[in-house]
Every structure is written in structure tokens, then in C-alpha cells.
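Enquirer: prediction below, plus the sequence it came from.
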Amino acid sequence: MISWEDELKRFEPVIRALSHLALLGKKLEVFGQENFVKSGPNLIVGNHVGAYKDIAVLFKIVPRPIFFTANRQIFSKEEFNELIGRHLERHLKKIGLFLNLLLAPLRSLFVQYISTNIARIGTIPVDLAHKKRETRHLIENYLRQGRAVVALQGRGRVRPADPNPYVAAFKPGASAIAYNLFLRDGLLVPVTPVAIFGTQRPFLIPTVVKVRVGEPMFITDYLKENARETIESFRLALENRVKKLLYSLLG
């Protein structure tokens, strides 16, 4: 049976080409790339303001096979089509509606290819409304097998009304996964914080995309009297670390 790592290797030329296309017109600057964990289980968490462009950035800079969590709608051709249309309209308004119509034939081919193959490279579907526990169990299994999983925080866009428009409040998922694996399996998973800035700029708009990678963080440094307090402590620490990394990019 072909492993997901083998499938990723087989699709590498396509992933490289799509990543280059997604970041067309954008210059990439990376700081702290040496902090990525080269082997063994690893959770990578970070802010998520640039939709598919954030994914392209990480495919370019992480020095090992990585597996993403992704909106389950991307696995369906019809729902993915609607998702792209809403994205273009949200970011480009009337021009986005025009582009959506103009690029319809190309978009259709792109959607067909992605929705057909995304599961083949080990991408983990996430139902944003339900079944989060099932997703956590899948991620835990990936980590037990020594894989690196990316769990970006947020909905892929800037939210001006939030306290920090560029860093959404972190969900407890990554923290809970790290805690459960340590408690039940004795597996200490390094969690790598990443801050990304610049991907919020629309497709083809020239800009500099900056990324800062922090040193890995461990659940054992945040153990409290009970599971709830431990998970919350680590969740908050991860969120604050990503904020600090982002501020260092802006400063």
C-alpha cells in the first residue's frame, strides 16, 4: 500500500507549481526556519489570514513532509466551487464576481483536481461546525506515526473586529492533543509556533510575505492541577507566542 509520504512525493512537482502560482508577485522572507522539527511527531500552529496562500508558504518552507487540516468543503467539488466564489467576492467585491465568471473554465479544472486528490496526500478533513473530536483523533494517530501536522488557527482571513485582526483566538484543539498524547501515550509532541504576515494581500498583488518560526513548545512546561487548566494554559501560551512572533515581524 502506498503511504501518504509516497503520495506527497509523487505530487511534489504539482504542489511546488501550485505553491509558486499562489504566491505569484509576492516575495517571501523567513526568519527562524532552523526551528522547524526535522523528524518525529510535530504539531505546527500559527495564524491563518491568507487562505490558500498560507498553505503554499508552509509547503515551501517546512523541510519535511507535512499534513494539513482543511475545511471538509474542499473535498467536495460543488462546495469547493462555492467556497472560491465567496472568497473572491469577499476580497475583491465586484471585481471578484467578474473574475469568478471569467475564470470559470480554469477554476472548474482546478477544483476538480484538488477535490479529487486532496485526500490522497493525507489531508485531514475538518467539519467547522461538528465532529471536532473525530478530527482530533485523526491528528493524534498521525502524530503517533511520527508525522508533522499543521493546524492553523482562524478562518483564513483578517477579522478587523477581533482584538487582534491577524491572530484569531486559538482553539483548545492543539493543546488538548498535546496533553492527551502525553498523558495516555507518554508521547511528548513539540508544538512549533509560526507567525505569517502578508498573505492577507489578494492574489497577484505584489507584497512581501514575512514568516517567523519560533522554538518548539512543550505541554510539560504548562502542567497544572487538572486537565482543563493545563490545556487552557498551553492554549493561551501558544496564542501569545504567535502574537509575539507577529509583532516582531511588524516591528
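Expert: Perfect, I can see it now.
Enquirer: how many other residues sit next to Lys27?
Expert: Look at Lys27: counted by other C-beta atoms under 10 Å, it has 11 neighbours. Bear in mind the C-beta positions are built from the backbone N, C-alpha and C, glycine included.
Enquirer: ok, Gly156 next?
Expert: Residues lying near Gly156 (other C-beta under 10 Å) number 19.
Enquirer: number of nearby residues for the spatially closest residue to it that is not a sequence neighbour?
Expert: Take Gly156 and drop its neighbours on the chain: the residue closest to it by C-beta to C-beta, 6 or more residues apart in numbering is Ala51, 3.9 Å away. Per other C-beta under 10 Å, the neighbour tally for Ala51 reads 21.
Enquirer: how close does Ala51 get to Ile44?
Expert: Distance, Ala51 to Ile44, using C-beta to C-beta, to the nearest Å: 17 Å.
Enquirer: check Val211 too.
Expert: In terms of C-beta to C-beta, Val211 sits 12 Å off from Ile44.
Enquirer: re the thing from before, state the pLDDT value of the residue nearest to Gly156.
Expert: On pLDDT, Ala51 comes in at 89.
Enquirer: and it, how far is that from Leu138?
Expert: Ala51 is 22 Å from Leu138, by C-beta to C-beta.
Enquirer: check Leu246 too.
Expert: Plainly put, Leu246 is 28 Å away from Leu138 if you go by C-beta to C-beta.
Enquirer: let me see the ranges of the strands in the stretch 1-150 of the chain.
Expert: Per DSSP state E, counting those that start in this stretch, the stretch 1-150 of the chain has strands spanning 26-31, 42-47, 67-71, 124-126, 148-153. These are given in chain order.
Enquirer: CSV for those, including mean pLDDT and distance to Ala17?
Expert: Shown next, in CSV, are the strands of the stretch 1-150 of the chain (pLDDT from 0 to 100; distance: least, C-beta to C-beta, whole Å):
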stretch, mean pLDDT, distance to Ala17
strand 26-31, 98, 16
strand 42-47, 99, 23
strand 67-71, 86, 18
strand 124-126, 84, 23
strand 148-153, 97, 20
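Enquirer: so which of the ones you listed gets nearest Gly173?
Expert: Closest approach to Gly173 among those is made by strand 148-153 (6.6 Å; C-beta to C-beta).
Enquirer: can you name the next helix or strand after that closest one?
Expert: helix 173-185 (DSSP states H and E).
Enquirer: now for that next one, which elements pack on it?
Expert: Under the contact criterion of 3 or more C-beta pairs under 8 Å, 6 or more residues apart in numbering; DSSP states H and E, helix 173-185 touches strand 42-47, helix 132-144, strand 148-153, helix 227-250.
Enquirer: so which of the ones you listed comes closest to Arg120?
Expert: helix 132-144 (15.1 Å).
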